[in-house]
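Chemist: next come a sequence and a model predicted from it.
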Amino acid sequence: MPLRVDPEENEMRALKGITDWRRKRVLEIGCGEGRLTRRLAQLGALVSATDPDAQLIRTARRKLVQRFAKRIDYEVGTAEQIDHPSESFDIVMFAWVL
């Protein structure tokens with residue numbers, strides 16, 4: 001049986017309560033396989049998602065559905081070396097990492 005994370009969609013309700021994500025530029029550090037990344041894109045965010053594990057980034061790219069392809073950019077990277085100019089993002093997410 002596949003693992004189903006957050007079937008009650010509590011995470012989505014919590015995200016919706018934080019801000020209006022539409023057109024927000026979001027940096028997600030530690031994106032893993034992209035589960036939260038896809039949820040942010042579903043809410044309208046433009047997401048640059050990074051993770052130090054290249055295999056997880058490959059998996060995230062494989063799971064990327066076409067309708068979110070223009071909203072999500074995955075890259076291998078770490079929190080210590082962010083390769084974006086200052087003030088490139090409206091929001092930085094660092095969730096479920098530790």
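Modeler: Perfect, thanks for sending it.
Chemist: what's the spacing between the spatially most central residue of the chain and residue 68?
Modeler: In the chain, the centroid-proximal residue (CA atoms, centre = their mean) is residue 37; its distance is 2.3 Å. Relative to residue 68, residue 37 is positioned 8 Å away (CB to CB, to the nearest Å). Every residue, glycine included, has its C-beta placed from N, CA and C.
Chemist: same thing with residue 44?
Modeler: 11 Å.
Chemist: settle it for me: which of the two has more neighbours?
Modeler: The neighbour comparison of residue 44 against residue 68 (other CB atoms under 10 Å) goes to residue 68, with 17 against 12.
Chemist: pLDDT score for that one?
Modeler: Confidence at residue 68, expressed as pLDDT, is 96.
Chemist: tell me which residues touch it, please.
Modeler: 38, 41-42 (CB atoms under 8 Å, 6 or more residues apart in numbering).
Chemist: now the chain, which segments are flagged as low pLDDT?
Modeler: For the chain, the stretches with pLDDT under 70 are 1-3, 98.
Chemist: residues contacting the residue nearest to the centre of the chain?
Modeler: So residue 37 contacts 28, 31, 47, 49, 60, 72, 74 (CB under 8 Å, 6+ apart).
Chemist: out of the residues you listed, the closest to residue 16 would be?
Modeler: residue 47 (15.7 Å; CB to CB).
Chemist: surely that closest one meets residue 39?
Modeler: No: Residue 47 is beyond contact range of residue 39, at 9.6 Å (criterion: CB atoms under 8 Å).
Chemist: more neighbours: those two, which one.
Modeler: The neighbour count for residue 47 versus residue 39, taken as other CB under 10 Å, is higher for residue 47 (27 against 18).
Chemist: for the more buried one, name its beta-bridge partners.
Modeler: residue 26, residue 72 (DSSP bridges).
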